[in-house]
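J.: What follows is a protein structure lacking sequence information:
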Ligand code: PBG
């Protein structure tokens, strides 16, 4: 039987202007954060082969990048440091050295942009340890949670001193947010915020990042990062971080964890970020380079999905890419 519907959702899809007017999700540059890398001992910025279009920066090229971020009107920049191999040690002490590469980079960006861009520091030791783990090791070779906490506290204070507006503990040690909050408050940095990597999973999608930071990690991070199979636990980790004083929380990776993101977004009283990680970036760039995907549309769709699921903020390597705003 042929019937004529009188309720037609397609009506609102008739023209581009109408679709634009009723769209539920928009990408605004201010909600985007660009992750960026500074590397010690290089004279020119160095392309990261597994992440086409991304670089390990010199201080000079990082300053230019920070100015581009301001010009593009994005929200912030999240800085990672890549030290000289000879500066790595068992504790990652170059991470809290004021002359360490990350702290020099933070100071340079802050000097360049002042308060026109939110300057975020990655607060984790994996780039600085010779074994590549996110904390110091106990005698039995396991990552020592409690001994690592005081190192994170020192690192966060050094980053605040270097000029970070926000520190972002990403090492998944229990209790890290509280210890960092106490250390910042005790040193007069009570205005420096904490963006907590709350639900961070032991993901294979971090693969290209390991090249980006020259990681020497053997093994995996499964004793501290979460099992990708666990949704409920993402809530537990997030609730704990909020309780410990996180100003913002994060779910990471983003695109394959939209259920976790939606759960967190539904209950969080603080802003929720999601990190579209290196593997999510590399897959789309690789497929696009082969002509298998419409690059710009897929990039836009991938970030739209993350915001639709509930992210207030998105960390994405495409933050400056015109594809997002087309
Ligand atoms: C660890 C850290 C990682 C990433 C950000 N911070 C790697 C890891 O946990 O192994 C991954 C980011 C990305 O893949 O884009 N400090």
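T.: Okay, I see it. The structure presented is a predicted model; accordingly, all values stated were derived computationally and were not measured. Numbers count the residues shown, from 1 in each chain.
J.: So which bits of the lowest-mean-pLDDT helix or strand in the chain are buried?
T.: Every helix and strand in the chain was compared by mean pLDDT, DSSP states H and E; the lowest is helix 207-212, with a mean of 91. Under the neighbour-count criterion of 16 or more other C-beta atoms under 10 Å, helix 207-212 has 208-209, 212 buried. From N, CA and C alone the C-beta is placed, and that goes for glycine too.
J.: Stretch 114-132 too?
T.: Going by neighbour count (16+ other C-beta under 10 Å), the buried part of stretch 114-132 is 117-129, 131-132.
J.: Can you tell me which of those is closest to the ligand?
T.: Using C-beta to the nearest ligand atom, residue 124 is the member of the buried residues of stretch 114-132 that sits closest to the ligand, with 3.5 Å.
J.: Which pLDDT value belongs to that closest one?
T.: Predicted confidence (pLDDT) for residue 124: 97.
J.: mind listing the helices for the stretch 201-326 of the chain?
T.: 207-212, 232-244, 258-267, 278-289, 295-308 (DSSP state H, counting those that start in this stretch).
J.: just to confirm, which helix or strand has residue 33 in it?
T.: strand 32-39 (DSSP states H and E).
J.: partner strands of that strand, parallel or antiparallel?
T.: Using DSSP bridges, strand 32-39 pairs in its sheet with strand 55-57 (parallel), strand 76-82 (parallel), strand 313-316 (parallel).
J.: Of those strands, which is nearest the ligand?
T.: The closest of these to the ligand is strand 76-82. By C-beta to the nearest ligand atom, the value is 6.9 Å.
J.: Give the rounded mean pLDDT of the closest one.
T.: Mean predicted confidence for strand 76-82 is 98.
J.: what's the answer for stretch 55-65, then?
T.: Averaging pLDDT along stretch 55-65 yields 98.
J.: Same question for stretch 260-272.
T.: Stretch 260-272 shows a mean pLDDT of 98.
J.: just the buried residues of helix 207-212 now: which is nearest residue 46?
T.: Within the buried residues of helix 207-212, proximity to residue 46 (C-beta to C-beta) peaks at residue 212, which comes in at 9.9 Å.
J.: Nearest spatial neighbour of the closest one, chain-adjacent residues omitted?
T.: What sits nearest to residue 212 in space, not counting adjacent residues and going by C-beta to C-beta, 6 or more residues apart in numbering, is residue 48, at 4.7 Å.
J.: list the contacts for the one you found?
T.: By C-beta atoms under 8 Å, 6 or more residues apart in numbering, the contact list for residue 48 reads 37, 54-56, 208, 211-212.
J.: interface residues of the stretch 1-150 of the chain facing the ligand?
T.: When proximity is defined by C-beta under 6 Å from any ligand atom, the stretch 1-150 of the chain lies next to the ligand at 122, 124, 126, 134.
J.: Adding distance to residue 192 and mean neighbour count, write the strands paired with strand 32-39 out as JSON lines.
T.: Listed next are these as JSON lines, based on distance: least, C-beta to C-beta, whole Å; neighbours: other C-beta atoms under 10 Å:
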{"stretch": "strand 55-57", "distance to residue 192": "23", "mean neighbour count": "23"}
{"stretch": "strand 76-82", "distance to residue 192": "14", "mean neighbour count": "24"}
{"stretch": "strand 313-316", "distance to residue 192": "17", "mean neighbour count": "24"}
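J.: export the ones you listed to JSON lines and tack on distance to residue 285?
T.: Output for these, formatted as JSON lines (distance: least, C-beta to C-beta, whole Å):
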{"stretch": "strand 55-57", "distance to residue 285": "14"}
{"stretch": "strand 76-82", "distance to residue 285": "19"}
{"stretch": "strand 313-316", "distance to residue 285": "12"}
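J.: For the stretch 51-200 of the chain, which segments count as strands?
T.: Applying DSSP state E, counting those that start in this stretch to the stretch 51-200 of the chain gives strands spanning 55-57, 76-82, 118-123, 166-169, 193-200.
J.: And the ones you listed: which comes nearest residue 15?
T.: Smallest distance to residue 15 across these (C-beta to C-beta): 35.5 Å, for strand 76-82.
J.: so where is the chain shaky, pLDDT-wise?
T.: Counting by pLDDT under 70, not a single residue of the chain qualifies.
J.: And the top helix by length along it, what does it pack against?
T.: As assigned by DSSP state H, the longest helix anywhere in the chain is helix 145-162. Applying 3 or more C-beta pairs under 8 Å, 6 or more residues apart in numbering; DSSP states H and E, we find helix 145-162 packed against helix 101-113, strand 118-123, strand 166-169, helix 176-186.
J.: and the second one with strand 193-200, angle?
T.: Looking back up the chat, that one is strand 118-123. Angle of strand 118-123 versus strand 193-200, following axes from the mean of the first three to the mean of the last three C-alpha atoms, to 10 degrees, is 50 degrees.
J.: Within its sheet, name the partner strands of strand 118-123 and how each one runs.
T.: According to DSSP bridges, strand 118-123 has these partners: strand 76-82 (parallel), strand 166-169 (parallel).
J.: Done for today, thanks.
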